[in-house]
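Novice: 3D, please:
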Amino acid sequence: MSHLQKFRDLEAQGIDILAILAGDRILEDRQLEVLLENLGPLGEEYHRDLIELLTHRRFEVAEAQGLWKGIVRHKRKMERALGREVGVRVAAADYLTNRRPLIESPRIVGRPEMERLISQVSRDPLTGLLNRRSIDDALRLEMQRTRRYGGVFTVLLIDLDHFKAINDEQGHIAGDFALVEISRRIEAACRETDSVGRWGGDELLVILPQTEPRDARILSGRLRHDVRHRPILLHNEEFWDATISIGIAGYPEHGTVAQELVDSASGALRAAKGAGRDAEAIAGVSGFDRGKIATKRRQLFEEDAVPDDQPEGGAGESRI
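Specialist: Predicted coordinates:
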């Protein structure tokens, strides 16, 4: 999870991180220790996230550092001149419109209203997941971060099998019910550090930081198992036996730019569907995990419903 998301989560809990870091609020040692533990290491990127939290604009690292330091200095000058405390937001408004005119005609908007506006422009109205633009931004940001600091990450491109059929046979309301329910399950199964968005139509994109493609199969297998074995209750009280197919691609192995990585995941998704659906495939790997084959194997040997490529318990369980 980026510092920006952590900052927003703290604000949602009533913790004014901007005021704390600007010195408006003084924390006790234990409170500060807990806060720093939650935030993790504060690298150079955190100034960019602070300024974006404040202005909803993203600047380069050096410029963001300069802006934050300038705002804090300007705050202290205003306090000396006025003989009273000045909040960091008031100082930032004056600094960024008069001293460093980067913002034109700012408006005063309360936090609840601003959160509603952000949700409207960043969330898919049907599923509540990140919309296409926001998940695309999250993908590019994760790629920049991984490129800068090293490491890996994986994307899952998920598609509902036979989605057109349910729309044609049951109507678009039923299709919407199915898409919303599967989106809810996928988001619930992911970690806080993961990002989930609606890529388009019935395709969902999941970003898994610090995860190799082979490790991502633990999650993808459990997602397929959950969808396959828990029929979806539609608006007309009928059940739909849904399945999903998943294409898996990892950075940098399967792509070093966003479009290349998604194209690799898309190719793997097509391969999974070509293998009979209810399947997953890793980009560039010819072997597929077919749900139908797993089902037949369970029927023969009366195994449990968990796919055989996933450990029951142990380290694998902690992945979700």
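Novice: for the rest of this, base every contact and every neighbour count on C-alpha atoms.
Specialist: Noted.
Novice: ok, the nearest residue to residue 44 once chain neighbours are set aside to residue 49 distance?
Specialist: What sits nearest to residue 44 in space, not counting adjacent residues and going by Cα to Cα, 6 or more residues apart in numbering, is residue 61, at 6.8 Å. From residue 61 over to residue 49 the distance is 9 Å, taken as Cα to Cα, to the nearest Å.
Novice: which residue ranges of the protein form helices?
Specialist: Using DSSP state H, the helices assigned to the chain run over residues 3-12, 17-21, 29-39, 45-55, 61-82, 88-94, 111-122, 132-149, 163-170, 172-189, 213-229, 258-274, 291-301.
Novice: about what we covered before: just the pLDDT at the residue nearest to residue 44, thanks.
Specialist: At residue 61, the predicted lDDT confidence score is 87.
Novice: my guess is it meets residue 50, correct?
Specialist: No. Using Cα atoms under 8 Å, residue 61 is not in contact with residue 50, being 10.9 Å away.
Novice: for those two, indicate the residue with more neighbours.
Specialist: residue 50 (21 against 15; other Cα atoms under 10 Å).
Novice: does that one touch residue 4 like I think?
Specialist: Yes. Using Cα under 8 Å, residue 50 makes contact with residue 4 at a distance of 6.9 Å.
Novice: any idea how far apart the tips of stretch 87-107 sit?
Specialist: Distance across stretch 87-107, first residue to last, is 16 Å (Cα to Cα).
Novice: do stretch 22-30 as well
Specialist: The separation between the terminal residues of stretch 22-30, taken as Cα to Cα, is 19 Å.
Novice: hmm, back to that, right, so of the helices of the chain, which gets closest to residue 104?
Specialist: Nearest to residue 104, of all those, is helix 88-94, at 10.0 Å by Cα to Cα.
Novice: can you list contacts of the closest one?
Specialist: 18-19, 22, 24, 54, 71-72, 74-75, 78, 106 (Cα atoms under 8 Å, 6 or more residues apart in numbering).
Novice: now the buried members of the residues you listed.
Specialist: Among the contacts of helix 88-94, those scoring as buried are 18, 22, 24, 54, 71-72, 74-75, 78 (criterion: 16 or more other Cα atoms under 10 Å).
Novice: farthest-separated two in those residues?
Specialist: 54 and 78 (18.6 Å).
Novice: what residue is smack in the middle of the chain?
Specialist: Centrality entry for the chain: nearest residue to the mean C-alpha point is residue 195, 1.5 Å, by Cα atoms, centre = their mean.
Novice: so, low pLDDT: which residues of the stretch 151-300 of the chain?
Specialist: 285-300 (pLDDT under 70).
Novice: how about residue 72, nearest residue that isn't a chain neighbour?
Specialist: What sits nearest to residue 72 in space, not counting adjacent residues and going by Cα to Cα, 6+ apart, is residue 22, at 6.2 Å.
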